[in-house]
Every structure is written in C-alpha cells, then in structure tokens.
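> Sharing a sequence plus its predicted fold:
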Amino acid sequence: MIDLTKNLAAVNRRTKASVIRELLKITNKPDIISFAGGLPDPEAFPTEAVIEITAKVLRKNARAALQYGETEGCPQLKEVLVKNLREEEGISVRPENILITTASQQALDLVAKTFIDPSDPVIVELPSYIGALQVFKSYGALMVGVRGDENGINTDEVERKLIALKNEEEHYKFIYLVPDFQNPNGVTLSAGRREKIAALAREYDVVVVEDSPYRQIRFSGKASPMIYKLDTSSNVISLFTFSKTFAPGFRLGYIVAHEALIRKMVILKQTLDLCTSPFSQLIAAEFVNGGYYREHIKKVIGIYRAKRNTMLSALERHMPDGVTWTEPEGGLFLWVCLPDYMNADELFAGAVRDQKVAYVIGSAFHCDGSGQNTMRLNFSYSTHEQIEEGIKRLAQMVKNNLRRGARADSKGHNQACGRNASR
Ligand SMILES: Cc1ncc(COP(=O)(O)O)c(C=O)c1O
C-alpha cells in the first residue's frame with residue numbers, strides 16, 4: 001500500500017476538518033430538524049432581482065463581467081462600498097482601503113497569512129467563530145481565549161493579557177472579534193468596550209480584526225459604532241460579507257484596512273485566486289447601487305426576527321429549569337447553556353439518532369476545548385413549524401438527561417454562559 005501522506009506539508013497536519021462542515025453531512029437528512037448550519041433562509045434569497053440584474057449586467061458590461069478582473073476588486077463595486085460605508089457607518093475610506101475577497105472566509109485566510117507564523121499568539125473570544133479558529137490553527141497560531149458576558153469580550157482581561165506578554169517582550173499578532181450578534185453566541189459588544197478595544201489597539205499597537213457578517217441584520221436596539229470608526233491607530237481591519245445580506249452563493253466579501261495592509265493582502269490574494277469573480281462583483285454593485293439592497297435587508301430582518309421570536313418562545317415553553325439561553329438583538333444564532341453536569345458533545349449522537357434534531361456542540365467554538373455544556377442553535381434556516389417541533393425534541397432530550405436531585409438554577413435569558421465562565 002502506498003503512503004500518499006508521507007510528503008504532506010505541516011499545514012495539512014495542523015488543519016483539522018471543520019466540525020460544522022462534517023456535522024452538516026449527517027444533519028442534512030430530510031427527517032432531521034437541523035439547527036446546526038448557519039444557512040440563510042432560501043425563501044429570503046432575492047432571486048427575481050438577481051435574474052433582472054444579471055441580464056442588465058450582461059447587456060451593459062459583459063466584457064468586464066466575463067473577463068479576469070483586478071485582484072483588488074472591480075472599481076465599480078469599490079466605489080459603491082465607499083459610498084455605503086460613509087452613509088451607513090459614518091466611515092470615511094478610499095477605494096485603496098478596500099480589498100474585495102471571495103467572501104469573508106477568504107478574508108480570514110488572508111489576515112492569517114499576513115500576520116501569523118507558527119507559534120505566534122493571537123487573542124480570540126471564548127467562544128469564537130469556528131471557521132476563524134480553523135484558519136488560525138492551520139497557520140500554527142497559539143490561540144489564547146478570553147471570556148465575556150452580556151456585553152461581549154472582557155476587555156479588562158484582554159488588557160491584562162496584552163500587558164503580561166509585553167512584560168515578556170512579546171506581543172499578540174492580533175485580537176480577533178465578532179462584535180455584532182456574535183457567531184456563535186449572539187452577543188453584541190457594548191459601546192464602551194468598543195471604545196476600550198480601539199484604545200488598546202492604539203496603546204499597545206496591536207492589530208484588531210473586526211469580523212462583522214451580521215451587523216446589518218438588527219431586529220431591535222441601536223447599533224454601536226464599528227471599532228473601525230473609533231480607531232485612531234490604523235490597526236483595525238474590518239471584514240464584511242454579502243453572504244448573509246445578499247446570498248452566500250455569490251462568495252463575495254471585502255476587507256477594509258489601511259492601504260499599506262491592503263497592498264500586502266492583495267499580493268497574497270494573487271496566489272490564491274488571482275481575483276474574485278468580476279461577474280459576482282458587478283451584480284452585487286448593481287444590487288447595492290440600484291436600490292435593491294436596502295429593501296432586501298428590511299425583508300431579511302423581518303423574516304429572521306420572527307424566527308428568533310418563535311425559537312425564544314419555544315425555549316421558554318419547553319425547556320426545563322436549569323437551562324439558559326441568549327436573546328440576540330440580531331443575527332442568525334442563539335446560544336444555549338445546559339446544566340453544568342451535562343455534556344452536549346456526548347448528547348449529540350443521541351439527539352440526532354433518537355430525537356432527530358441537530359445542533360452544533362459549543363465546545364467546537366472554544367479554542368481551549370471548554371464549553372461542553374453549551375450548544376449553538378441557528379434560527380434562520382428552519383421553518384417556524386420546524387423550530388417549534390425541534391425545540392420540543394431538544395427539550396425532551398435535556399429532560400431525559402436531567403440528574404435527579406441536582407440543583408436547578410432558574411431557566412431563561414442569560415446573555416453569556418459556559419463552563420468555567422469567569423464572570
Ligand atoms: C463570523 C463569521 N465570519 C466569517 C464567516 C464566513 O462567511 P462567508 O465566507 O460566507 O462570508 C462566517 C460564516 O458564517 C461567520 O459567521
């Protein structure tokens with residue numbers, strides 16, 4: 001038998017399969033109600049608008065749409081984004097500050113490629129987006145997790161970590177944050193902590209990676225400024241995507257950063273795919289510029305708000321005492337904490353087999369392997385009926401595993417939880 005793996009590079013050993021991508025293979029069966037993926041509702045896709053715009057783009061500009069494009073991105077889309085960032089976020093940038101990417105997963109890879117050598121330390125949230133952890137690990141990063149509460153990551157703890165490493169004459173390569181309706185826990189970073197992160201970026205000269213795919217999907221409350229807007233150090237890099245507000249099939253996102261960093265990332269992107277599809281970019285430019293985008297986001301917000309409410313109401317009615325969950329003001333996910341003694345990793349196989357319901361194990365989002373009593377639930381993809389039935393089944397699984405006589409804390413709203421939570 002030939003050993004096909006003997007010549008593989010170290011990056012292959014470091015890169016582990018994504019738990020979610022693997023789970024999706026099991027949970028995609030038709031009899032299973034899956035809260036596992038992070039998929040948008042296909043009913044929310046702007047199909048008619050895409051048909052209309054595609055014809056228009058091809059009639060008007062087929063030569064550019066079907067040709068190779070600049071690695072930096074199509075100027076038409078970048079112009080639209082410059083205008084949008086100014087109008088929606090009060091962020092003033094030039095086209096040179098933007099790099100169009102093949103969605104934000106590629107942006108994460110470019111950021112990691114730009115900064116991480118094996119054993120370089122980075123700060124991530126506990127819990128944090130699994131796809132980012134997978135990328136950082138593949139580059140050999142040493143991930144240091146910091147917990148948070150209902151206001152997001154504990155910024156005092158972040159500062160303590162920065163000081164501790166500085167005392168050893170070392171430094172973190174970056175701090176990675178998902179400040180808006182975080183994936184996985186749905187929590188939003190408070191205005192005060194955003195100010196503090198911007199101050200840390202300046203004071204400790206540390207890069208902050210602000211990954212914000214859900215920011216536009218707000219159901220209630222008022223948005224706090226992006227960290228990019230608060231920054232005065234040029235150390236903040238913001239990642240955006242069209243996946244949740246338009247369609248993930250377009251594989252379209254963008255990085256906003258200081259032009260010197262953008263230039264470095266452009267060169268690295270040349271080795272990945274030469275350029276992001278100009279066809280997708282020109283359609284997206286027309287989608288935003290032609291007035292479709294704002295209307296579409298309103299529609300998406302309405303659909304997801306109703307689904308979040310259905311899930312919250314089902315949790316309230318079906319879950320037993322001792323189970324808590326977050327109530328996100330936007331986004332696609334909420335976070336459930338089971339009693340401390342329960343292990344969502346061990347319960348997963350039984351949930352799929354016996355109750356025909358799936359979730360993502362919370363430990364997969366913890367760089368230190370903690371969080372075994374937690375799970376992430378997605379509310380955007382399932383129908384209202386599936387949400388009601390799926391939560392009933394999940395609650396049954398929890399009830400079947402309750403320990404007799406164990407202390408049951410009151411159930412309900414809890415903005416951040418997890419084993420060893422330092423709050
Ligand atoms: C926080 C975060 N970053 C990045 C991504 C990657 O998204 P995409 O590559 O579709 O833009 C996701 C996807 O769910 C996410 O939740």
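Here it is on my side, so go on. Fair warning: this is a prediction, and the values are worked out from it, not measured in the lab. Numbers count the residues shown, from 1 in each chain.

> separation between Pro293 and Phe136?
Actually, residue 293 is Tyr. It isn't Pro. Relative to Phe136, Tyr293 is positioned 31 Å away (CB to CB, to the nearest Å). Every residue, glycine included, has its C-beta placed from N, CA and C.

> and the two? which has more neighbours close in?
Phe136 (28 against 21; other CB atoms under 10 Å).

> Contact partners for the more buried one?
With contact set as CB atoms under 8 Å, 6 or more residues apart in numbering, Phe136 has these partners: Ala112, Ile116, Val122, Val124, Met143, Tyr176.

> Give the helix, strand or coil label for Asn61.
Of the three states, Asn61 takes helix under DSSP: H, G, I helix; E, B strand; the rest coil.

> Nearest residue to it in space, ignoring adjacent ones along the chain?
Excluding the flanking residues, the one nearest Asn61 by CB to CB, 6 or more residues apart in numbering is Leu282, at 6.0 Å.

> One more: Arg305?
Distances taken as CB to CB, 6+ apart put Phe219 closest to Arg305, at 4.0 Å, once the chain neighbours are dropped.

> quick one, what contacts that neighbour?
By CB under 8 Å, 6+ apart, the residues touching Phe219 are Ile301, Tyr304, Arg305, Arg308, Pro328, Glu329, Gly330.

> Settle this for me: the last one is touching Arg218, isn't it.
Okay, so that is Gly330. Yes. Counting by CB atoms under 8 Å, Gly330 does reach Arg218; the two are 4.0 Å apart.

> Around the ligand, pick out the residues from the stretch 251-400 of the chain.
In this structure, the stretch 251-400 of the chain approaches the ligand at residues Gly253, judged by CB under 6 Å from any ligand atom.

> Check for me that the residue nearest to Asn61 belongs to a helix.
Yes. The assignment for Leu282 by three-state DSSP puts it in a helix.

> So it sits against Leu77, correct?
Yes. Applying CB under 8 Å, one finds Leu282 in contact with Leu77, separated by 7.1 Å.

> ok, back up a step: now do the same contact list for the residue nearest to Asn61.
With the criterion set at CB under 8 Å, 6+ apart, Leu282 makes contact with Val57, Asn61, Ala64, Ala65, Cys74, Gln76, Leu77.

> what's the answer for Phe379, then?
So Phe379 contacts Phe35, Tyr304, Lys307, Arg308, Thr310, Met311, Leu332, Phe333, Leu334, Ile387 (CB under 8 Å, 6+ apart).

> State the pLDDT value of the fifth one.
In the prediction, the pLDDT value recorded for Thr310 is 98.

> any idea how far it lies from Val300?
Separation of Thr310 from Val300 (CB to CB) stands at 16 Å.

> Span of stretch 366-386 from start to end?
Start-to-end span of stretch 366-386 (CA to CA, to the nearest Å) is 28 Å.

> Distance from the chain centre to that stretch, please.
Distance, stretch centre to chain centre, for stretch 366-386: 13 Å (CA atoms, centre = their mean, to the nearest Å).

> go on, stretch 211-227?
The answer for stretch 211-227 is 12 Å, by CA atoms, centre = their mean.

> tell me which residues in that stretch are buried?
Neighbour counts over stretch 211-227 (16 or more other CB atoms under 10 Å) mark Asp211, Ser212, Pro213, Tyr214, Arg215, Gln216, Ile217, Arg218, Phe219, Ser224, Met226, Ile227 as buried.

> just the CA coordinates of it, formatted as PDB?
Extracted C-alpha coordinates of stretch 211-227, given in PDB (Å, rounded to 0.1, in the frame of the first residue of the first chain):
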ATOM      1  CA  ASP A 211     -15.300  40.400  11.600                       C
ATOM      2  CA  SER A 212     -18.900  41.600  11.200                       C
ATOM      3  CA  PRO A 213     -21.100  39.500   8.800                       C
ATOM      4  CA  TYR A 214     -24.300  40.100  10.800                       C
ATOM      5  CA  ARG A 215     -24.200  43.800  11.600                       C
ATOM      6  CA  GLN A 216     -26.900  44.800   9.200                       C
ATOM      7  CA  ILE A 217     -29.300  42.100  10.500                       C
ATOM      8  CA  ARG A 218     -30.500  44.000  13.600                       C
ATOM      9  CA  PHE A 219     -34.000  43.300  15.000                       C
ATOM     10  CA  SER A 220     -34.100  45.800  17.800                       C
ATOM     11  CA  GLY A 221     -32.000  48.300  19.800                       C
ATOM     12  CA  LYS A 222     -29.500  50.800  18.400                       C
ATOM     13  CA  ALA A 223     -26.200  49.900  16.800                       C
ATOM     14  CA  SER A 224     -22.900  51.000  18.400                       C
ATOM     15  CA  PRO A 225     -20.200  52.300  16.100                       C
ATOM     16  CA  MET A 226     -17.900  49.900  14.400                       C
ATOM     17  CA  ILE A 227     -14.500  49.600  16.000                       C
END
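
> Does the ligand have contacts with that stretch?
Yes. Using CB under 6 Å from any ligand atom, stretch 211-227 comes into contact with the ligand via Asp211, Pro213.

> give me the number of residues near the one residue in the stretch 301-423 of the chain that gets nearest to the ligand?
Of the residues in the stretch 301-423 of the chain, the one nearest the ligand is Leu332, at a distance of 7.8 Å by CB to the nearest ligand atom. By other CB under 10 Å, the residues close to Leu332 number 27.

> Now for the closest residue in space to it that isn't next to it in sequence: which residues touch it?
Excluding the flanking residues, the one nearest Leu332 by CB to CB, 6+ apart is Ser380, at 4.4 Å. By CB under 8 Å, 6+ apart, the residues touching Ser380 are Gly38, Leu39, Pro40, Asp41, Ile303, Tyr304, Lys307, Leu332.

> Ok, Gly73 next?
Ile98, Leu99, Ile100, Tyr254, Cys275, Thr276, Gln281.

> Which pair of these spans the longest distance?
Ile98 and Cys275 (13.8 Å; CB to CB).

> Looking only at neighbour counts, state which of these two leads.
Ile98 (23 against 20).

> Any idea what that one is bridged to?
As for beta bridges, Ile98 partners with Val256 under DSSP bridges.

> how near is it to the ligand?
Separation of Ile98 from the ligand (CB to the nearest ligand atom, to the nearest Å): 15 Å.

> quick one: that residue from Ile283, how far?
Taken as CB to CB, the span from Ile98 to Ile283 is 18 Å.

> try Glu195
37 Å.

> which SS class is the closest residue to Trp325 other than its chain neighbours?
Spatial nearest neighbour of Trp325, chain neighbours left out: Val336 (4.6 Å); criterion: CB to CB, 6+ apart. Following three-state DSSP, we place Val336 in the strand state.
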